[in-house]
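J.: Fold the following and give me the result.
(2 chains)
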Amino acid sequence: MAADASAPTLATRFPRPSLIGAIGILVVLLAALLLAKNFVVAPSRFVEVTLIGLTTGCVYALVALGYTLVYGILELINFAHGDVFMLGGMFTITYATHFFNLHTGQGAAIVPIVIAILILSMLSCGLLNSAIEFIAYRPLRGAPRLAPLITAIGVSFIIEDIGLFFWGPNYVTAPDVFPHSNVFSIWGIDYGWNKLIVVLITIPVLLGLLYLVQQTRQGKAMRATAQDMDASAMMGINVNRTISFTFLIAGALAGAAGLCYSLYVTTVRFDQGFQLGLIAFTAAVLGGIGNLPGAVLGAVLIGLIQSWNEGLPWHMPGSDWTQSIVFSILILILVFRPEGLLGERTPEGG
Amino acid sequence: MSQQHPPLESPIEQWGDDAPKDVGFRNQLRARWRALPETQRIGIVAGVELLVAIGLFRLDHSLGYAVLTVSLLLWMRRLPPIPWKLAAQAAMVVVFLAFGVTSLAALLAIFFAVFWVPVRYRQWTMAGVALLVTVFYPFYASKMFTIPVFGVWPDVATGVYMLVFIMMAVGLNIVVGYAGLLDLGYVAFYAIGAYTAAWFSSLQFANHRWHFGAVGITKDLAGIHVSIWILLLAAGMITALSGIIIGLPTLRLRGDYLAIVTLGFGEILPQIARNGDNLFGTGFNLTNGPNGITPLDSPGFGSGVSNATGHFLPANYLVCCHTTLLGHQIQSTDVFFWTAVVLLLITVFCSLRLQYSRLGRAWIAIREDETAAAAMGVPLMRTKTWAYASGAFFGGVAGAYYASFKSATFPGDFFFNISVFILCMVILGGMGNIAGVIVGAAFLAYLNQEGLANTGQWLNTNIHFIGHLHLPGSDQPGLDVPLFASGIYGLIILIVMLFRPEGLLPSRRIAAELHEGVHDAPLYDAQHAGTEA
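T.: Predicted coordinates for the structure are as follows:
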């Protein structure tokens, strides 16, 4: 009996199609049909909206990576991350207007300035994030898992109010420095420089992160700590410092995202971080939380979905429903495929 | 099945010193404190008390005396049982009466009367006294003393608000405190309850006309109008049902995944409420969009019941009660207040009875170790779903009652902040302990409604640099404290989780869980050794 049960059978190697799987495929097919119809109705609009979605996806990817890094190492959903991103935008605006006097029409001179602001903003957010870890999460290292989660919500609200205190309740405007002229304009498809610049900032940051995690000693320590905290401590890895470093990196990514967002959208408000953070978290879950390429993939997908939903002309729900759609995706993914698109199955996912 | 109840936990008795020793901020502080010699400890405590008393004396004389009296009385408890101790304590209260404000003195006298009751009856006496103090609140609310910094005592309308939020906190406590499932979307249940009440007691569905027991409306009024008492129950049922519907697919997930899914629902439902005036482009007006549904029918028992009970139960809450009782003219707000007290009592009763029932013990088992509970034969899904449904039920009733009290429902009331606000109440008071949750919820609800505004006013007038602060985006100097409400709740959550994760009035069992750590305790020392090398 036991031997029979453990022996691999044909049925386990070729699982029967389940009802849930069939429904899922049906939903995806319907969405694809809707997109195809939109493509037929307005092809140039479709491509343009897709390019916008890619740009938004890049910003989401930077934020989602922060969630996924922290979750990978501490199994903690760092709710405060979205608000750190918001502060990144605020820092960028303050540095740009007060330190560097950045303004419209400076031409190519903005390149070194933007890079300097990028480094400053990443540094500030990274330090802030590791300070949060030191104050709020480290004392709770041994506590049940819900304790740091609840604390993270508290911290998120505190950070939000810090933004409110220093930058006020209204939209803060960033100097509109990215040129709006077109990179190319073919078949009625316009692609502006401002979108390309966001991508150009994102890709080196992503490559840098990849190098850091996969090639350096510190990255190796991060991966080891994520796999097994106790074992890596026994192997001589300073676990607390590694976690601090992870928070620093995550915060730096949020700072970069804040810069991209504030200079691309040009307005930031204190309460935008939480919402955008939740969307980015959805992206991280969609790709498989704890999985770095997954976070980027999920973020690009979410960016595309959002932009298709808001920009396509033929029978789309529109921007009123963006949040609902994103959260529905979150719920569906968590319920039916908790390991995400690229992740591995975890016991928590059941 | 045996119906033996373990003794209920009395909050006062737990200030003893048998807390489990372990790691963590608070216990390290506590250990350091314990290491001090006895005389130093007494000196420090007495010094702090004296400082607080002097500080309060400068703000308000009678409060300074009050603090002094209370600390003296507490110190006297440490004395050996000398004769006439009781009389000496009583004499001190009398002396205080001579100096202090009457209302404050009366409050203190009641407080100490409770302490003179023998320990074995104390718990029930405290509950009874608290109930009496609450029920008679409308009679003496206007005569209460002014608290420094916080200002006047809450008025009766704020009292209704507080009671409604206490109800919701007690409901959420079933989910978070008993079953250990973090629900970040409790506001969805509040919203469902409120909209249920609104749909069936307003002009929202004006092309139908169906009346059933509603009071205070004319016979030919359009829309659906159902008696509020049926609606409260129906709102609870519908909310519980939606809790089950939300729960069934999601409760399979553990811990933080569940929290995220509930958060998702808590964000989706208000958005449906906001965009529901033209649902999915069909033109069907479900929720009247951002304008909300208003006005709602007034609650009431109808003239038949009212006459039969000798006008004890009012026919219509809004136009009622011009009687004067104990020198206080009874207003319709007072009636709303007493109804809320009754609803809260029902909630607390159900919650207490559930706590040590078979179901309640199953919740505790799941909270402490899900795998072990499942191995012992606790049906996980069914038990969790019941926790969800019962928590949702009270949220729905509270939402429906509050909508009926406000006579309106707006989608703007159902933000994520509210979910966190209610969660903060549960955490501050002490997860799993009803008394703690009630105290925490009452305090926070008061802060949200009146306290923060009063405190802000005090800060702006009395502290120079705050009063002259120039913040971006505001055209007048000073700090608008209510604007920062959510950050203040965040700070409360952070401080409580770091220093006293079991809350102010903890449940002993939860305190033990939080301090021992349910997960992965054994290897913790190895990790510490690793960081120090």
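J.: how does chain B divide into domains?
T.: What automatic domain parsing lists as the domains of chain B is B:19-140, B:156-518.
J.: Export those domains as CSV, with columns for mean pLDDT and distance to A:Ile117.
T.: The way it works is simple: take the backbone N, C-alpha and C, and place the C-beta from them, glycine included. What follows is the domains of chain B, written out as CSV (pLDDT from 0 to 100; distance: least, CB to CB, whole Å):
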stretch, mean pLDDT, distance to A:Ile117
domain B:19-140, 75, 37
domain B:156-518, 83, 20
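J.: Please identify which of the ones you listed is closest to A:Val268.
T.: Proximity to A:Val268 (CB to CB) singles out domain B:156-518 among those, at 12.8 Å.
J.: Which helix or which strand is home to the residue nearest the centre of chain A?
T.: The centroid of chain A falls nearest to A:Ala64 when counting by CA atoms, centre = their mean (2.1 Å). A:Ala64 belongs to helix A:43-74 when assigned by DSSP states H and E.
J.: Around chain B, pick out the residues from the stretch 251-350 of chain A.
T.: A:274, A:278, A:281, A:285, A:317, A:320-321, A:323-324, A:327-328, A:330-331, A:334-335, A:338, A:347-350 (CB under 8 Å from any CB of the partner chain).
J.: Now do the helices in chain A.
T.: A:2-6, A:10-13, A:19-41, A:43-74, A:80-94, A:110-132, A:146-167, A:193-215, A:217-227, A:229-234, A:239-265, A:272-287, A:292-311, A:322-336 (DSSP state H).
J.: Generate TSV for those helices, with mean pLDDT and distance to B:Ser390 as supplementary columns.
T.: Shown next, in TSV, are the helices of chain A (pLDDT from 0 to 100; distance: least, CB to CB, whole Å):
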stretch	mean pLDDT	distance to B:Ser390
helix A:2-6	45	39
helix A:10-13	51	40
helix A:19-41	81	28
helix A:43-74	87	31
helix A:80-94	92	32
helix A:110-132	90	36
helix A:146-167	89	20
helix A:193-215	87	45
helix A:217-227	88	38
helix A:229-234	87	37
helix A:239-265	91	38
helix A:272-287	88	28
helix A:292-311	88	35
helix A:322-336	83	22
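J.: Pick the most buried one from those.
T.: helix A:80-94 (a mean of 29; mean count of other CB atoms under 10 Å in any protein chain shown).
J.: now the angle from that one to helix A:146-167?
T.: Here the directions of helix A:80-94 and helix A:146-167 differ by 20 degrees (axes from the mean of the first three to the mean of the last three CA atoms, to 10 degrees).
J.: hmm, helix A:80-94 touching chain B?
T.: No - Helix A:80-94 lies out of reach of chain B by CB under 8 Å from any CB, never closer than 9.3 Å.
J.: top helix in chain B by residue count?
T.: Ranking each helix of chain B by length (DSSP H) puts helix B:380-406 first.
J.: So which bits of the stretch 51-200 of chain B are right by chain A?
T.: B:180, B:182, B:184.
J.: can you pull the contacts of the closest residue to the second one other than its chain neighbours?
T.: Excluding the flanking residues, the one nearest B:Leu182 by CB to CB, 6 or more residues apart in numbering or on different chains is B:Ala259, at 4.1 Å. Listed by CB atoms under 8 Å, 6 or more residues apart in numbering or on different chains, the contact partners of B:Ala259 are A:77, A:146, A:149, B:182-184.
J.: Among the residues you listed, which pair sits farthest apart?
T.: Taking CB to CB, no two of these sit farther apart than A:Ile77 and B:Asp183, at 14.7 Å.
J.: Which one of these two is surrounded by more residues?
T.: Higher neighbour count among A:Ile77 and B:Asp183: B:Asp183, with 33 against 25, using other CB atoms under 10 Å in any protein chain shown.
J.: What's the separation between the more buried one and A:Phe79?
T.: Per CB to CB, to the nearest Å, B:Asp183 is found 15 Å from A:Phe79.
J.: these two touch, right, B:Ile166 and B:Gly436?
T.: No - using CB atoms under 8 Å as the test, B:Ile166 is too far from B:Gly436 to be in contact (11.6 Å).
J.: Need the overlap of contacts for these two.
T.: Counting by CB under 8 Å, 6+ apart, nothing touches both B:Ile166 and B:Gly436.
J.: how far away is A:Gln306 from chain B?
T.: To chain B, A:Gln306 is 14 Å away according to CB to the nearest CB, to the nearest Å.
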